[in-house]
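Chemist: Fold the following.
(chains A and B)
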Number of protein chains: 2
Amino acid sequence: MKRTLVKHALASSEPREDILIQGWVRTRRDAKAFSFVEMNDGSCLKNIQVIVDASLDDYQRISDANTGAAISITGQLVASQGKGQSWEIVAKTLKVIGHADSTYPLQKKGHSQEYLREIAHLRPRSNLFGSVFRVRSRLAQAVHRFFDEHDFIYIHTPIITASDCEGAGELFRVTTLEHDAKKGDDGLIDYSHDFFGKSSYLTVSGQLPAEVFACALSNVYTFGPTFRAENSNTSRHASEFWMIEPEMAFCDLQGDMDLAEAFVKYLIGDILKTCPEEMNLFNKFVDKGLQERLKFVLERPFQRVSYSEAVEILLASGHTFEYPVEYGTNLQSEHERYLTEQHFKCPTTVFNYPKEIKPFYMRANDDGKTVAAMDVLVPGIGEIVGGSQREERASQLEAHLSAHDLNPEDYWWYMDLRKYGSVPHSGFGLGFERMLMFITGVSNIRDVIPFARTPGSAEF
Amino acid sequence: MKRTLVKHALASSEPREDILIQGWVRTRRDAKAFSFVEMNDGSCLKNIQVIVDASLDDYQRISDANTGAAISITGQLVASQGKGQSWEIVAKTLKVIGHADSTYPLQKKGHSQEYLREIAHLRPRSNLFGSVFRVRSRLAQAVHRFFDEHDFIYIHTPIITASDCEGAGELFRVTTLEHDAKKGDDGLIDYSHDFFGKSSYLTVSGQLPAEVFACALSNVYTFGPTFRAENSNTSRHASEFWMIEPEMAFCDLQGDMDLAEAFVKYLIGDILKTCPEEMNLFNKFVDKGLQERLKFVLERPFQRVSYSEAVEILLASGHTFEYPVEYGTNLQSEHERYLTEQHFKCPTTVFNYPKEIKPFYMRANDDGKTVAAMDVLVPGIGEIVGGSQREERASQLEAHLSAHDLNPEDYWWYMDLRKYGSVPHSGFGLGFERMLMFITGVSNIRDVIPFARTPGSAEF
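Modeler: Presented below is the predicted three-dimensional model:
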């Protein structure tokens, strides 16, 4: 007999005489003449209830069907009398496939998130983490579907890069040289002997290579891992995370902001629709205002405000911030959250930032002071999207490179895009885990990544 | 006016009075009273033809609409008289957005693949590479759709890992220590001061972490970058490539082989259906037997043969191989290709390999000599899938670890999966680029990766 997943059994339209269910015991309750076994196979949040009659030949095995044990059940699928479940199984046979003794850590009692991180290899068997990782999977599917429906082509930009192109953060070196590598006369390691013939690093962004493809295929996106070797131990930073970076040819900052807004809304709408059980769980146990907040975001246009207006709002707010607000400095997380949570009370897109605080590749505005950058801020998180129109004018781009003490020769191929058929183009980056935190309400990035990498920690 | 992509214009069901097309000039032909401009925007293989009448105000700009230039055209979409195209544009306005002079490298004449690799930032603008990367994108979509339709959950397994778990190949070290890092008394670098508090590397496989999730969520898969620091400069090896690794709980080797076959066929079938123009191009210019071979694969069950039978077939073949055939050694690419191309003349799944040549995690068969491994071999490529049933019995797994000189303590969490609710489970890995080469007929892996990383080369 072919295995039926619990989610399909529970969604059955009719009873079935014979069904095979395989999964793990969540709880067991023994009565005089039978046992109730709650089984879960991870295909959905809900368990299926199995009734094992004491008259069954296999009933002798029931004492091994402990919490955590793997079991295989054949039986009848029948309408359930209990509330909250439509179907249950009346067992015909019971096999214990893999035992779990009383040392199994995920007994019924609750555990702290900190402890569950230490058993990250078992936590996906819990209701919360099973739900987080099912939603993570669905969110990734939704990312690909959104871009497919909008005629974007998926590009795998390189993970290993020899250029510190963006200067977006601290880099991890990738090397095969050993500790005793040959050193030059200056006592430094000669990386021309390294695997790629030069110093190489883990990517911080796929944007620059994505621009190459936008200037050939029009609408493209990346969705891959990116890395930051920053020694920041916060609940919002991980050393390894996944990022989505669309890039569009013939598109200005307006089009970029429009796409970002449509994208964020699509993702929220998709998860609310496809993962109702998980969302109810998060709303009940993780963040009681979650569903309301997400629906609010879904239904309203995002507020758009220029950086200088945003600064004026913050200065006029009378609110005391830890970091002072001043034109020409980056908005801090507390500023961003004030704008979206307190002032506008909705997602807010801030655009046209001072050129001094933004990277070289952003397009200079005609005012000579700002660049065509934009950030989308959401309640509870702050910045979730950062993007810009790119500088497509060769002479301006060279000037930006010089102003940032970068050498145009190192960017010869990037400059070529401005030399041959250059077009206005724009894009943004969305941190996949940030989005997942926003959608699930889970407040620590370590709890939305299968095995998180943070300073001092690369377990599992 | 909103931009229309060329692919949508060419698929129009009726003429349109006003349309905006933006893209790059492929060729231009000037006649006395008008010019023909072939425009491409990368949304599809086909160009759209634009007729620019000499009476147009903008006609003075036509001399700048050179090969490679970016242009913006408004006009009428009208039925085309020419053959091979259904629609063309009669221009009302013409703007040259970005110039391209005669130094633009992709003039009409053909170029060698080697030269095009040197201009990997421009080659996506060619017919061949535009097609390769559109098919690459679609193939990735098909991967996700297949698993979604089969109730698999997508897992992002870590890229940075502190365990050389699989021993599958040479590793890249990931570090933030500088050349002058503090050394211990032994003169060696003390990696306990490194970013993650220990030596860390780029992953060679997501399998072991994927097993964690299969033992919680039943059916899972990974699709992410993997790395090999091997100094092999062949047309089939890259240092960075993407791999797909499904893992299924309650699944034995038969189920594993069934899934691999269904998956390979699904991918081929999807691309033949969704990318007919690109496939015709590959069939015409890359590999004339391509479509026939793919249809052949699609229509027949894969041959299944045990390793020992395969060795007997090879020994009895009378064929002279470069590497000798002997029971107990790995099949070489030439052996694999003989089996699938010469002997069976169809994809071939070889199973039950000698335990000595396979990794520790594969399940021991009852014969005491072989393990439940399987490889799928396809014509022209050789091995495209490698998988196995995993050893789910704790005592056997410990014995395998010892036999491979590995320390069970280093695998404590992997052993835990065998301690708590262990289940038979199986999975495989499919190299995404190998599959793409098989489907496109492109024979060098460097030509199916946006920016390939190979020994000595991490350009762009």
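Chemist: hey, let's count contacts and neighbours off CA atoms from now on
Modeler: Fine.
Chemist: Strands along the stretch 301-450 of chain A, start to end?
Modeler: Taking DSSP state E, counting those that start in this stretch to define them, one finds strands in the stretch 301-450 of chain A at A:303-306, A:348-354, A:370-378, A:382-390, A:425-431.
Chemist: And for the stretch 51-200 of chain A?
Modeler: Secondary structure of the stretch 51-200 of chain A by DSSP E, counting those that start in this stretch: the strands cover A:70-79, A:87-98, A:153-154, A:160-161, A:173-175, A:200-202.
Chemist: Mind putting the ones you listed into a markdown table with distance to A:T320 and mean pLDDT?
Modeler: Converted to a markdown table, the strands of the stretch 51-200 of chain A look like this (distance: least, Cα to Cα, whole Å; pLDDT from 0 to 100):
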| stretch | distance to A:T320 | mean pLDDT |
| --- | --- | --- |
| strand A:70-79 | 55 | 98 |
| strand A:87-98 | 56 | 97 |
| strand A:153-154 | 44 | 98 |
| strand A:160-161 | 42 | 96 |
| strand A:173-175 | 41 | 95 |
| strand A:200-202 | 39 | 95 |
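Chemist: okay if I get those strands as TSV plus mean neighbour count and distance to chain B?
Modeler: Formatted as TSV, the strands of the stretch 51-200 of chain A follow (neighbours: other Cα atoms under 10 Å in any protein chain shown; distance: least, Cα to the nearest Cα, whole Å):
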stretch	mean neighbour count	distance to chain B
strand A:70-79	21	4
strand A:87-98	21	4
strand A:153-154	27	5
strand A:160-161	24	6
strand A:173-175	22	5
strand A:200-202	23	8
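Chemist: any weak-confidence spans in the stretch 51-200 of chain A?
Modeler: In the predicted model, the stretch 51-200 of chain A carries pLDDT under 70 at residues A:164-168, A:179-182.
Chemist: cutoff 90 now
Modeler: Flagging of the stretch 51-200 of chain A using pLDDT under 90 yields the residue ranges A:81-85, A:107-111, A:163-170, A:178-191.
Chemist: Please apply the same query to the stretch 251-400 of chain A.
Modeler: Within the stretch 251-400 of chain A, the segments meeting pLDDT under 90 span A:296, A:300, A:379-382.
Chemist: List the residues that contact A:F34.
Modeler: A:F34 is in contact with A:51-54, counting by Cα atoms under 8 Å, 6 or more residues apart in numbering or on different chains.
Chemist: Same check on A:E247?
Modeler: By Cα under 8 Å, 6+ apart, the contact set of A:E247 is A:207, A:210-211, A:214, A:219-221, A:425-428.
Chemist: Can you name the residues bridging to the closest residue to it other than its chain neighbours?
Modeler: Spatially, and ignoring its direct neighbours in sequence, A:E247 is nearest to A:G427 (4.2 Å; Cα to Cα, 6 or more residues apart in numbering or on different chains). Beta bridges link A:G427 to A:E247, A:S388, judged by DSSP bridges.
Chemist: Against chain B, how distant is A:G427?
Modeler: 17 Å (Cα to the nearest Cα, to the nearest Å).
Chemist: Against A:A373, how distant is that residue?
Modeler: Distance of A:G427 to A:A373, given as Cα to Cα, to the nearest Å: 10 Å.
Chemist: okay, and the common contacts of these two?
Modeler: Contact with both A:G427 and A:A373 is made by residues A:387-389, according to Cα under 8 Å, 6+ apart.
Chemist: What are the boundaries of the helices in the stretch 101-250 of chain A?
Modeler: Assigned helices in the stretch 101-250 of chain A, in chain order: A:113-118, A:127-149, A:207-217 (criterion: DSSP state H, counting those that start in this stretch).
Chemist: And the stretch 351-460 of chain A, by the same measure?
Modeler: Assigned by DSSP H, counting those that start in this stretch, the helices in the stretch 351-460 of chain A fall at A:394-403, A:412-419, A:432-440.
Chemist: Could I get the contacting residues of the residue of chain A positioned farthest from its centre?
Modeler: What lies farthest from the middle of chain A is A:S55; by Cα atoms, centre = their mean that is 49.4 Å. Shown in contact with A:S55 (Cα under 8 Å, 6+ apart): A:A33.
Chemist: rewinding a little: take the helices of the stretch 351-460 of chain A and lay them out in TSV including distance to chain B.
Modeler: Shown next, in TSV, are the helices of the stretch 351-460 of chain A (distance: least, Cα to the nearest Cα, whole Å):
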stretch	distance to chain B
helix A:394-403	10
helix A:412-419	6
helix A:432-440	11
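Chemist: what's the most buried one of those helices?
Modeler: Stretch with highest mean neighbour count among those: helix A:432-440 (a mean of 23; mean count of other Cα atoms under 10 Å in any protein chain shown).
Chemist: If I take that helix and helix A:127-149, what angle do their directions form?
Modeler: Using axes from the mean of the first three to the mean of the last three Cα atoms, to 10 degrees, the direction of helix A:432-440 lies 110 degrees away from that of helix A:127-149.
Chemist: Against which helices or strands is helix A:432-440 packed?
Modeler: Packing partners of helix A:432-440 (3 or more Cα pairs under 8 Å, 6 or more residues apart in numbering or on different chains; DSSP states H and E): helix A:127-149, strand A:240-249, helix A:290-299.
Chemist: in the stretch 1-150 of chain A, what residue is nearest chain B?
Modeler: A:G42 (3.7 Å; Cα to the nearest Cα).
Chemist: any idea how far A:K92 is from A:R26?
Modeler: Here A:R26 is placed at a distance of 20 Å from A:K92 (Cα to Cα).
Chemist: where does A:V297 sit relative to A:F344, distance-wise?
Modeler: For A:V297 relative to A:F344 (Cα to Cα), the value is 12 Å.
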